[in-house]
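K.L.:
dropping the sequence and predicted coords here.
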Amino acid sequence: MDPVAALRETAFWLERGRAETHRVRAYRRAADVVAELGDDERAARRDADSWTQLAGIGPKTAAVIRESYGGVPSYLAGLRRDAKPIGGGTLRGALRGDLHVHSDWSDGGSSIEEMMTVAAALGHEYCALTDHSPRLTVANGLSAERLRQQLAVIEELRPRVAPMRILTGIEVDILEDGTLDQDRGLLAELDVVVASVHSKLRAERGAMTRRMLAAVEDPLVDVLGHPTGRLVEGARGTRPESQFDAEAVFTACRDAGTAVEINSRPERRDPPMRLLELARDIGCLFAVDTDAHAPGQLAWQGYGCERAMTCGIDEDRVIDTWPLERLLGWLGDS
């Protein structure tokens, strides 16, 4: 087995299983180190078993490299064997893509190419890259100039991950007045615009309602991301739901043709079930997205699918079950 592939797959399974970030990074860092070596140096290192002399490679990552030359490393084989099913049932089987994914251009941990290569390997027909917008400086949000540079990178990458289609996109911040944190002309060029609130999450109910209504009624917005902004577990701690008139916001989503995101991240599980049921009853469309910030997290869609199925949401109301041409037609009209 190729040692770089073995290291990256090890990181994938660790991420999928929600391992500590430092453990995952060790394997990704080692993969990057080995990937930079020429064939001759790799052969020499293998013969001398001198992998740990390289900065960024320790005993555990060296063991994966060493064993990869004889097949699947034992640690990787164990991760594959012991991985717990995520679930998702028939809805997970019906999904064709993911419409909310981050890369190291903002606050993700891996390159666009690695994220999209893994998405393709998972069987996606399409995957949207939706890095953050500029106001979210803590997440290295993309200025208009950087976003244009990213679009050029995507265009160059597309043939390498075909037939999967990379969709251009952004997770754009909903500003306090409900406007969108990016040049409108540039937003109009993108395939997918996910709009989310990331600041002043404890704003008064009326102000938050007006803010969200302005965004979901904007013709440039396709998906309302993690609607309440809550956190229910994880390293960042917990955070209560934002307060807003959910009936008014979801009715506006239905009428404007804006899908409500079912965010699959275990620490979000957003929207809560009672609001998911409300959006269902109002007649909203949905997008089951991972909000993945690392390749292993792309496997988390099953968590969102389980919640959608528990609510009895029909598959055809989940837009990422749609064939690409139907989805693109809806995105163009919504």
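P.N.:
In hand now; what should we look at? Numbers count the residues shown, from 1 in each chain.
K.L.:
excluding its backbone neighbours, what's nearest residue 71?
P.N.:
When the adjacent residues along the chain are set aside, residue 71 lies closest to residue 1, with 6.1 Å between them (Cβ to Cβ, 6 or more residues apart in numbering). C-betas here are computed from N, CA, C, even on glycine.
K.L.:
only the buried residues of stretch 74-89, if you could.
P.N.:
For stretch 74-89, a neighbour-count test (16 or more other Cβ atoms under 10 Å) marks 75, 76, 79, 86, 88 as buried.
K.L.:
so how far is the first residue of it from its last?
P.N.:
Taking Cα to Cα, to the nearest Å as the measure, stretch 74-89 stretches 30 Å from start to finish.
K.L.:
what sits up against stretch 105-123?
P.N.:
Judged by Cβ atoms under 8 Å, 6 or more residues apart in numbering, the contacts made with stretch 105-123 from elsewhere in the structure are 8, 12, 24-25, 28, 97-98, 101-104, 127, 129, 131-132, 136, 138-142, 146, 150, 153-154, 157, 160-161, 164, 166, 292-295, 298-299.
K.L.:
quick one on the thing from earlier: hmm, the residue nearest to residue 71 is touching residue 74, no?
P.N.:
No - contact between residue 1 and residue 74 fails when scored by Cβ atoms under 8 Å: they sit 11.7 Å apart.
K.L.:
could you export the buried residues of stretch 74-89 as CSV, including distance to residue 174?
P.N.:
Written out in CSV, the entries for these read as follows (distance: Cβ to Cβ, whole Å):
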residue, distance to residue 174
75, 43
76, 41
79, 38
86, 30
88, 29
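K.L.:
of all those residues, which two lie farthest apart?
P.N.:
75 and 88 (26.7 Å; Cβ to Cβ).
K.L.:
what ranges do the helices span in the stretch 201-334 of the chain?
P.N.:
Remark: helices of the stretch 201-334 of the chain, listed N- to C-terminal, are 205-216, 246-256, 273-282, 301-310, 324-333; assignment by DSSP state H, counting those that start in this stretch.
K.L.:
rewinding a little: now do the contacts for the residue nearest to residue 71.
P.N.:
Remark: with contacts taken as Cβ under 8 Å, 6+ apart, residue 1 is in contact with 68, 69, 71, 72, 73.
K.L.:
narrow those residues to just the buried residues.
P.N.:
Looks like these have 68, 73 buried, using 16+ other Cβ under 10 Å.
K.L.:
out of the contacts of residue 1, which sit inside strands?
P.N.:
Among those, no member falls in strands (criterion: DSSP state E).
K.L.:
show me the contacts of residue 1 that map onto helices.
P.N.:
Secondary structure from DSSP state H places residue 68 of the contacts of residue 1 in helices.
K.L.:
which member of the contacts of residue 1 is positioned nearest residue 38?
P.N.:
Taking Cβ to Cβ as the measure, residue 38 sits nearest to residue 69 out of the contacts of residue 1, at 16.4 Å.
K.L.:
number of nearby residues for residue 253?
P.N.:
Neighbour count of residue 253, defined by other Cβ atoms under 10 Å: 27.
K.L.:
list the buried residues in the helix or strand hosting residue 117.
P.N.:
With secondary structure defined by DSSP states H and E, residue 117 is part of helix 112-121. Applying a neighbour-count criterion of 16+ other Cβ under 10 Å, one finds 112, 113, 114, 115, 116, 117, 118, 119, 120 buried in helix 112-121.
K.L.:
send the alpha carbons of stretch 161-174 over as CSV?
P.N.:
Listed next in CSV are the C-alpha coordinates belonging to stretch 161-174 (Å, rounded to 0.1, in the frame of the first residue of the first chain):
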residue,chain,number,x,y,z
VAL,A,161,-12.0,14.6,-9.8
ALA,A,162,-14.4,14.0,-12.7
PRO,A,163,-17.0,12.7,-13.1
MET,A,164,-17.8,14.2,-9.7
ARG,A,165,-18.7,17.9,-10.2
ILE,A,166,-17.2,20.5,-7.8
LEU,A,167,-19.8,23.2,-7.2
THR,A,168,-18.5,26.6,-6.5
GLY,A,169,-19.9,28.2,-3.4
ILE,A,170,-19.5,30.1,-0.1
GLU,A,171,-20.8,30.1,3.4
VAL,A,172,-21.6,33.7,3.6
ASP,A,173,-22.1,35.5,6.9
ILE,A,174,-25.5,37.1,7.5
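K.L.:
so where's the chain uncertain?
P.N.:
334 (pLDDT under 70).
K.L.:
could you chop it up by domain?
P.N.:
According to automatic domain parsing, the chain comprises the domains 3-82, 89-333.
K.L.:
most tightly packed of these?
P.N.:
The highest mean neighbour count among those belongs to domain 89-333 (a mean of 19), with neighbours defined as mean count of other Cβ atoms under 10 Å.
K.L.:
how far out from the middle of the chain is that domain?
P.N.:
Domain 89-333 sits 8 Å away from the centroid of its parent chain (Cα atoms, centre = their mean, to the nearest Å).
K.L.:
all set now, cheers.
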